[in-house]
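Novice: pasting the sequence and the predicted coordinates here, then a few questions.
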Amino acid sequence: QQQVKQSPQSLIVQKGGISIINCAYENTAFDYFPWYQQFPGKGPALLIAIRPDVSEKKEGRFTISFNKSAKQFSLHIMDSQPGDSATYFCAAKPNQAGTALIFGKGTTLSVSS
Amino acid sequence: DAGVIQSPRHEVTEMGQEVTLRCKPISGHNSLFWYRQTMMRGLELLIYFNNNVPIDDSGMPEDRFSAKMPNASFSTLKIQPSEPRDSAVYFCASSLAGSGGGRYNEQFFGPGTRLTVL
């Protein structure tokens, strides 16, 4: 079964530090890699996404790095803030029409002040 | 836009009872997804519909679970009979699906239904 493996399961970072969450996939037939952010009591919401034809995408303090040959992608949160404390999910979408996103298990990030 | 609407937000029931969760997707979206979230298993895809047709229900745990989408603006997830191990947060999500990647794959999640089966 297609899988997306996410690590670490939990992460504690000091305010101002860099948070890094990693994901790896096995199937090469993915063409879309989003990251979702979930706050307690809320549903996940799209944070940032990347296509495999680029190696990096940056939006504010959030950056996705994508390594196609290694089948890995990661989320970097620069200058982490307490408000970034949430659960983060990576995901991948097969390049077939009518297929669903495959989510990682999630990483709970706590940013201490 | 009101976003994806789910009801009820909380449900407490006793083992053996029937539970029906409801979802109204974002108007114009053609794909609808039901997920279950637990601490142990994370976010699990149960079933998804494309243009009201079930495409993949391989994530449905067992025959006690059923889902319907009678029209483009409404879907239900039913558990009958419910068991304590069904306790979880159930999310509905919708998207405007297209082939390939890009914004058309963004899934919008509802606020979830927290189900507790005693």
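Specialist: Yep, that arrived.

Novice: residues in chain A within reach of chain B, list them.
Specialist: Taking CB under 8 Å from any CB of the partner chain as the criterion, chain A approaches chain B at residues A:31-34, A:36, A:41-46, A:49, A:51-52, A:89, A:93, A:95-106. Bear in mind the C-beta positions are built from the backbone N, C-alpha and C, glycine included.

Novice: how about B:Ile79: what's its closest non-neighbour residue?
Specialist: Here the nearest residue to B:Ile79 in space, its sequence neighbours aside, is B:Val19; by CB to CB, 6 or more residues apart in numbering or on different chains that works out to 4.5 Å.

Novice: contacting residues for the one you found?
Specialist: Under the criterion of CB atoms under 8 Å, 6 or more residues apart in numbering or on different chains, the contact partners of B:Val19 comprise B:11, B:13, B:78-80, B:82, B:86, B:115, B:117.

Novice: check the spacing between it and A:Ser7 real quick.
Specialist: Relative to A:Ser7, B:Val19 is positioned 34 Å away (criterion: CB to CB, to the nearest Å).

Novice: for A:Tyr36, which non-adjacent residue is spatially closest?
Specialist: Setting aside the residues directly before and after it, A:Tyr36 is nearest to A:Pro44 in space (CB to CB, 6+ apart), at 3.9 Å.

Novice: by mean pLDDT, point me to the weakest helix or strand of chain A.
Specialist: Of all the helices and strands that make up chain A, the one with the lowest confidence by mean pLDDT, DSSP states H and E is strand A:102-103; it has a mean of 90.

Novice: what sits up against it?
Specialist: Strand A:102-103 is contacted by residues A:2-4, A:36, A:89-94, B:42-43, B:45 when judged by CB under 8 Å, 6+ apart.

Novice: in helices, which of the residues you listed appear?
Specialist: Of the positions in the contacts of strand A:102-103, not one sits in helices, assigned by DSSP state H.

Novice: from the residues you listed, which would you call buried?
Specialist: Applying 16 or more other CB atoms under 10 Å in any protein chain shown to those, the neighbour count classes A:4, A:36, A:89-94, B:42-43, B:45 as buried.

Novice: and B:Glu83, how far is that from chain A?
Specialist: The span separating B:Glu83 from chain A equals 23 Å under the rule CB to the nearest CB, to the nearest Å.

Novice: run a quick neighbour tally on the nearest residue to A:Thr28 once chain neighbours are set aside.
Specialist: With CB to CB, 6+ apart as the measure, A:Lys71 is the residue that lies nearest to A:Thr28, at 7.1 Å, once sequence neighbours are left out. By the other CB atoms under 10 Å in any protein chain shown criterion, the neighbourhood of A:Lys71 contains 17 residues.

Novice: my read: A:Lys71 touches A:Ala29, true?
Specialist: No. With contact defined as CB atoms under 8 Å, A:Lys71 does not reach A:Ala29; the gap is 11.3 Å.

Novice: hmm, B:Phe49 is touching B:Leu32, no?
Specialist: Yes. Counting by CB under 8 Å, B:Leu32 is a contact partner of B:Phe49 at 4.6 Å.

Novice: what touches both of these two?
Specialist: Residues within reach of B:Phe49 and of B:Leu32 at once, by CB under 8 Å, 6+ apart, are B:69, B:75.

Novice: more crowded one of the two?
Specialist: A direct count of neighbours by other CB under 10 Å for B:Phe49 and B:Leu32 places B:Leu32 higher, at 29 against 22.
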